[in-house]
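**Student:** what shape does this take:
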Amino acid sequence: MKFSILHKDSQSQARAGVVETDHGHIETPIFMPVGTLGAVKGVHSRELEQDIQAQIILGNTYHLYLRPGMEVIKNAGGLHSFMNWKKPILTDSGGYQVFSLTHNRKLTEEGAVFKSHIDGSRHVFTPENVVDFQRNIGSDICMALDECTPYPCDYEYAKNSMNLTHRWLKRGVEHFKNTEALYGASQTFFPIVQGSVYKDLRVQSAEFIADQNMEGNAIGGLSVGEPIDDMYEMLEVVNGILPHEKPRYLMGVGTPVNILEAIALGTDMFDCVMPTRNGRNGMMFTWNGIMNMKNKKWEQDFSCLDEDALSYVDTAYSKAYVRHLFHVGERLGAQILSIHNLAFYLALVKTAREKIIQGEFASWKQKMVVQLAQRI
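**Tutor:** Numbering: from 1, shown residues only. Down below sits the predicted model:
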């Protein structure tokens, strides 16, 4: 993997760059649609590529390990071949999913012992075997096993959790360096900064992660319930330490406003289930704010779903029609909004990139964070 910074914003830490992988180039800042189980829910690969214009998608090691299982994916020739996606893929290690099991997992020095959410069967994730699983998947960017520290948590818990993540990381890096990609395309490995909302822990973790000298770095443990100002503060601290010349990936974030603020703080890569999850529940993101398409106010509105989106996705359906689909339980409504929201997120980061290149990002961002947060 190679990362190049092409332009920097003079009034913030925002930058426009390119990540080069064997499955294609990724223009940053970038948003990655979440394809947890090898599919972005309700969205065809053709739509991902043509309408949404996704450059990279995300899969999840925990879920793919359980279903369809590593044997199926390996026999298919890796996840790219299995799901017929030719562009880059990033895989989360599954640490967040194991963390979310709470009552069905136990963390040890060896790794994470957990019970499957599907059938209750017992499994173990170690820093080494999650590398092996991601080798089998064939993702372009692999993530290290970490503990996603919950919020709230006390200082000692956060410190012990961070140190465990660091010890796991050293084992994961060593194993990654001692193994090889399986399908003829190179892979890279990102460590993850932890430390909850404690500034000194975030500093320690960012310094430790930077010292690993991997090709990119991730920031985890944010957007887990902490106040939004704390998230931005931790992000500013961490991005001030992580190497400038390497991509920075903020995991699981977030709203359009979150993404613009994080770009301004020097972040390059994002993922979140919000565009599709909220879309399936009737929420539509637009340049003028957020719309609830289930509201009665749209019942007789036969105007285009979103005039501002016609340049990058077909939203020729009317507001009244999409409202009708949700009220009768027709799945097409969820599909239309999922595609629209993902296309909007990709258009948002593309526009942010253009504004950085044009030297207009800071003033544009200041206006947009107010506009995008409105409820229409």
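**Student:** pop out the phi and psi values for L66.
**Tutor:** Backbone torsions of L66, given as degrees, to the nearest 10, read phi -80, psi -40.
**Student:** got the domain ranges for this structure?
**Tutor:** If you go by automatic domain parsing, the domain ranges for the chain are 2-275, 279-372.
**Student:** tell me the contacts of the residue lying farthest from the centre of the chain?
**Tutor:** The C-alpha centroid of the chain is most remote from Q300, which lies 36.5 Å away (Cα atoms, centre = their mean). Residues in contact with Q300, defined by Cβ atoms under 8 Å, 6 or more residues apart in numbering, are A320. Bear in mind the C-beta positions are built from the backbone N, C-alpha and C, glycine included.
**Student:** picking up where we left off before, so which of the domains of the chain is the most surrounded?
**Tutor:** Among the domains of the chain, domain 2-275 has the highest mean neighbour count (mean count of other Cβ atoms under 10 Å), at a mean of 20.
**Student:** ok, the closest residue to A54 other than its chain neighbours - contacts?
**Tutor:** Leaving aside its chain neighbours, A54 sits nearest to L48 (4.7 Å; criterion: Cβ to Cβ, 6 or more residues apart in numbering). The contact partners of L48, by Cβ under 8 Å, 6+ apart, come to P33, V40, A54, I57, W85, L342.
**Student:** repeat the analysis, applying 7 Å as the threshold.
**Tutor:** P33, V40, A54, I57 (Cβ atoms under 7 Å, 6 or more residues apart in numbering).
**Student:** does M291 lie in a helix or a strand, and which?
**Tutor:** M291 belongs to strand 289-292 when assigned by DSSP states H and E.
**Student:** what's the spacing between the closest residue to N60 other than its chain neighbours and K367?
**Tutor:** Distances taken as Cβ to Cβ, 6+ apart place T36 nearest to N60, at 4.5 Å, with adjacent residues excluded. Relative to K367, T36 is positioned 34 Å away (Cβ to Cβ, to the nearest Å).
**Student:** quick revisit: after the strand holding M291, heading C-terminal, what element do we hit next?
**Tutor:** Next along from strand 289-292, by DSSP H and E: helix 319-327.
**Student:** ok, and what's touching that next one?
**Tutor:** With contact meaning Cβ under 7 Å, 6+ apart, helix 319-327 is reached by 282, 293-294, 298-303, 305, 332-333, 336-337.
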